[in-house]
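1. Give me the fold of what follows.
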Amino acid sequence: MNNFLYRCLCGVVGVLMLLPASAHALDSDREQPIQIAADVAIRDEIAGETRYEGNVVLTQGSLKITADELTILHSTENADRIIATGKPATLVQQPTPDQPPVNASALRIEYVRSEDLVRLLEDARIAQNGSTLSGNQIDYLVSQRTVKAAGGADGPGQGRVEVVIPPENLRDSSSDA
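-> The predicted structure follows:
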């Protein structure tokens, strides 16, 4: 993959370091409290999970996740896995003050802290400044700053990954190549 296309892909998905460990999110986001609103909240100490159901909205600084259900799994005293599901679940975050927000959506969004992994599953899509990346699954390894997008085998159009970069984004970045 040529260097420019790789930079475009990384720019589109780089913001997926959405939770407190984010290096691409606004620095102030990590310092903000996490607020969760939902129709129902259920804490299960034995299962080690907290589940929020119905019109779930999680905010932390510029980060906003909306979902039908959000589950926080506590394998230790810290939350290791956060799973947001919806039709679709969405994520919006401002990467830096001078960049437009990144919009991501999928039927399932997972964050696995121990693996430093953000995963978008089923009808996954990320958009920023007119550029989009879509596929059945998009993985972002935060610490390695690597992106892997894959299509699926189910149905027409699901077997491929699609990247769209508007001409104005090519012109703006071409001098950086």
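
2. Could you tell me how many residues sit around Gly130?
-> Gly130: 12 surrounding residues under other CB atoms under 10 Å. For the C-beta atoms, the positions are set from N, CA and C on the backbone; glycine is no exception.

3. Relative to Thr66, how far out is Asp80?
-> 22 Å (CB to CB, to the nearest Å).

4. ok, those two, which is more surrounded?
-> Per other CB under 10 Å, whichever of Asp80 and Thr66 has more neighbours is Thr66, with 18 against 15.

5. Check which element follows the worst-scoring helix or strand of the chain on mean pLDDT along the chain.
-> Within the chain, no helix or strand scores below helix 3-13, which has a mean of 37 by mean pLDDT, DSSP states H and E. Next helix or strand after helix 3-13 toward the C-terminus (DSSP states H and E): helix 27-31.

6. What's the mean pLDDT across that following helix?
-> For helix 27-31, the mean pLDDT works out to 72.

7. List the buried residues for that helix?
-> By 16 or more other CB atoms under 10 Å, the buried positions in helix 27-31 come out as Asp29.

8. What of stretch 120-139?
-> Applying 16+ other CB under 10 Å to stretch 120-139 flags 120-129, 131-139 as buried.

9. Which ones among the residues you listed map onto strands?
-> 120-128, 131-139 (DSSP state E).

10. so Leu73 bridges to which residues?
-> Beta bridges link Leu73 to Glu49, Arg81, judged by DSSP bridges.
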